[in-house]
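> coordinates for the following, if possible.
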Amino acid sequence: MRKLLTLVSILFFAFSGLAQASYPSKPIKIIVPSKAGGSTDTSARLFVKTAKKYLKGADFVIKNVPGSGGKKGFEEIARAKADGYTIGMMFTTQIVSHIVAKRAKYTLDSFHIIANMMQDPLIIAVPKDSPIKNLQDFIKAAKAANLTVAVNGIGSDDFVAAKKFENKTGAKFNLMPTKGSTEQKSLILGGHIDASFMNLTQLQAQHKAGTARIIAIMDSKRSDILPDVPTAREQGLDVSMTATRGFVAPAGISKEIAATLDKLLQDVMNDPEFIANCKKDVMILLPMKGEDYRQYLVDLQAETQKFYDSTPW
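Presented below is the predicted three-dimensional model:
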């Protein structure tokens, strides 16, 4: 009997090792917690184009899971089987906002943080025919009347940026939560709202075309994409905010598969063709390895918790 048990154990570990060695043996699902066509979805599809080059035999299937400011998708990633065949994208500030607001059915420990890939600074935009030409005009108008300002859902990076703006200036907006950047863009282009807090890549083309006007970028320096747009700090208001977009897997995946995925992200982000494609699609790279990105998220959660405690939503 003892010999039989020993043989079974040897066969079990042998087959386990074989399965591990052949990873991946089936398509890897990438959960994108937003609608198709948005910035996060575009980031995922750019990744897939290059990833096949570095993970031989791999195939990827993108599943869009929009809703609840990303929460629905984040939760689906967190509860997925930790076998390396489901990974997903996450974005800030939403992933930590849902935690501090006690709405999330996950914590940061629910994920293996693979890496960050992109960033996307916040902007303030107005319709092209708006009398608001700069940040001082905007502050003056916001204090004189209750401006209608669109954001991408409660707890989003747009929402937190707008709230920080209110705290800094004493203005009070009529905040309009939307279902995403597509709706925000439509509202601005149609002149249906006074302003919108959103991400740079989501409206840069319209600013260049003259169909919308970006009056400030909430970053430490001007963007190479729109060098004509001054920062908020240049205009006398020290408020900055950026979104990040990275990859995670459910916590509990094996060390070997985690190492494979971590290396894959680094290989993709160093690939010249991928870098060129990002530049062409106006996607802003901000590579961060897993441990560095985890610390970034931990710090962001602490900062967001402090802000939430003083300004709950």
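> for the longest strand along the chain, list the C-alpha coordinates in PDB.
Scanning the chain for the longest strand, with DSSP state E as the assignment, gives strand 111-127. Coordinates of each C-alpha in strand 111-127 appear next as PDB, following Å, rounded to 0.1, in the frame of the first residue of the first chain:
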ATOM      1  CA  PHE A 111      -5.200  40.500  -6.300                       C
ATOM      2  CA  HIS A 112      -1.800  39.600  -7.600                       C
ATOM      3  CA  ILE A 113      -0.600  43.000  -8.900                       C
ATOM      4  CA  ILE A 114       1.100  42.300 -12.200                       C
ATOM      5  CA  ALA A 115       2.200  45.800 -13.300                       C
ATOM      6  CA  ASN A 116       1.000  49.200 -14.200                       C
ATOM      7  CA  MET A 117       1.000  50.100 -17.900                       C
ATOM      8  CA  MET A 118      -0.500  53.500 -18.600                       C
ATOM      9  CA  GLN A 119      -1.400  56.800 -17.000                       C
ATOM     10  CA  ASP A 120      -3.900  59.500 -18.100                       C
ATOM     11  CA  PRO A 121      -3.800  62.900 -16.400                       C
ATOM     12  CA  LEU A 122      -7.100  64.700 -15.600                       C
ATOM     13  CA  ILE A 123      -8.300  67.700 -17.500                       C
ATOM     14  CA  ILE A 124     -11.000  70.300 -17.200                       C
ATOM     15  CA  ALA A 125     -12.900  70.800 -20.500                       C
ATOM     16  CA  VAL A 126     -15.700  73.100 -21.600                       C
ATOM     17  CA  PRO A 127     -17.800  73.400 -24.800                       C
END
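> for it, what is the distance to the chain centroid?
For strand 111-127, the gap between its own C-alpha mean and the chain's C-alpha mean amounts to 5 Å (CA atoms, centre = their mean, to the nearest Å).
> now do it, average pLDDT.
Mean per-residue pLDDT for strand 111-127: 97.
> paired strands for it, with orientation please.
Using DSSP bridges, strand 111-127 pairs in its sheet with strand 195-199 (antiparallel), strand 212-218 (antiparallel), strand 242-250 (antiparallel), strand 284-289 (antiparallel).
> quick check: next helix or strand after the shortest one?
Scanning forward in sequence from strand 195-199, with DSSP states H and E defining helices and strands, the next element found is helix 200-209.
> likewise the longest one?
Scanning forward in sequence from strand 242-250, with DSSP H and E defining helices and strands, the next element found is helix 255-269.
> what residues does that following helix touch?
Applying CB atoms under 8 Å, 6 or more residues apart in numbering, the external contacts of helix 255-269 come out as 20, 23, 47, 50-51, 54-55, 83-84, 87, 112, 114-115, 117, 247, 249, 253, 274-275, 285, 287, 289-290. (C-beta placed from N, C-alpha, C; glycine too.)
> where along the protein do the helices fall?
With DSSP state H, the ranges of helices along the chain come out as 2-21, 39-54, 71-78, 94-100, 135-144, 157-169, 181-189, 200-209, 255-269, 272-280, 290-310.
> most tightly packed of those?
Mean neighbours per residue, mean count of other CB atoms under 10 Å, is largest over the helices of the chain for helix 94-100, with a mean of 25.
> identify the residues contacting that one?
Residues outside helix 94-100 that contact it (CB under 8 Å, 6+ apart) are 68-71, 74, 104, 106-108, 153, 155-157, 159-160, 297, 300-301, 304-305, 308.
> one more: stretch 170-178?
Residues contacting stretch 170-178 (CB under 8 Å, 6+ apart): 139, 142-143, 146-154, 159, 162, 165-166, 184, 187, 193.
> switch the cut-off to 7 Å
Stretch 170-178 is touched from outside by 139, 142-143, 146-154, 162, 165-166, 184, 193, with contacts defined as CB atoms under 7 Å, 6 or more residues apart in numbering.
> and the angle from the longest strand of the chain to helix 135-144?
Relative orientation of strand 111-127 with respect to helix 135-144: 90 degrees, computed using axes from the mean of the first three to the mean of the last three CA atoms, to 10 degrees.
> that older thread, Throw the helices of the chain into a markdown table and include distance to residue 238 and mean pLDDT, thanks.
Formatted as a markdown table, the helices of the chain follow (distance: least, CB to CB, whole Å; pLDDT from 0 to 100):
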| stretch | distance to residue 238 | mean pLDDT |
| --- | --- | --- |
| helix 2-21 | 50 | 50 |
| helix 39-54 | 26 | 94 |
| helix 71-78 | 30 | 97 |
| helix 94-100 | 22 | 96 |
| helix 135-144 | 12 | 96 |
| helix 157-169 | 7 | 93 |
| helix 181-189 | 24 | 93 |
| helix 200-209 | 19 | 96 |
| helix 255-269 | 31 | 98 |
| helix 272-280 | 29 | 96 |
| helix 290-310 | 15 | 96 |
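> can you list the ones you listed in JSON lines and add distance to residue 64?
Putting the helices of the chain into JSON lines (distance: least, CB to CB, whole Å) gives the following:
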{"stretch": "helix 2-21", "distance to residue 64": "29"}
{"stretch": "helix 39-54", "distance to residue 64": "6"}
{"stretch": "helix 71-78", "distance to residue 64": "8"}
{"stretch": "helix 94-100", "distance to residue 64": "15"}
{"stretch": "helix 135-144", "distance to residue 64": "34"}
{"stretch": "helix 157-169", "distance to residue 64": "19"}
{"stretch": "helix 181-189", "distance to residue 64": "13"}
{"stretch": "helix 200-209", "distance to residue 64": "17"}
{"stretch": "helix 255-269", "distance to residue 64": "20"}
{"stretch": "helix 272-280", "distance to residue 64": "20"}
{"stretch": "helix 290-310", "distance to residue 64": "23"}
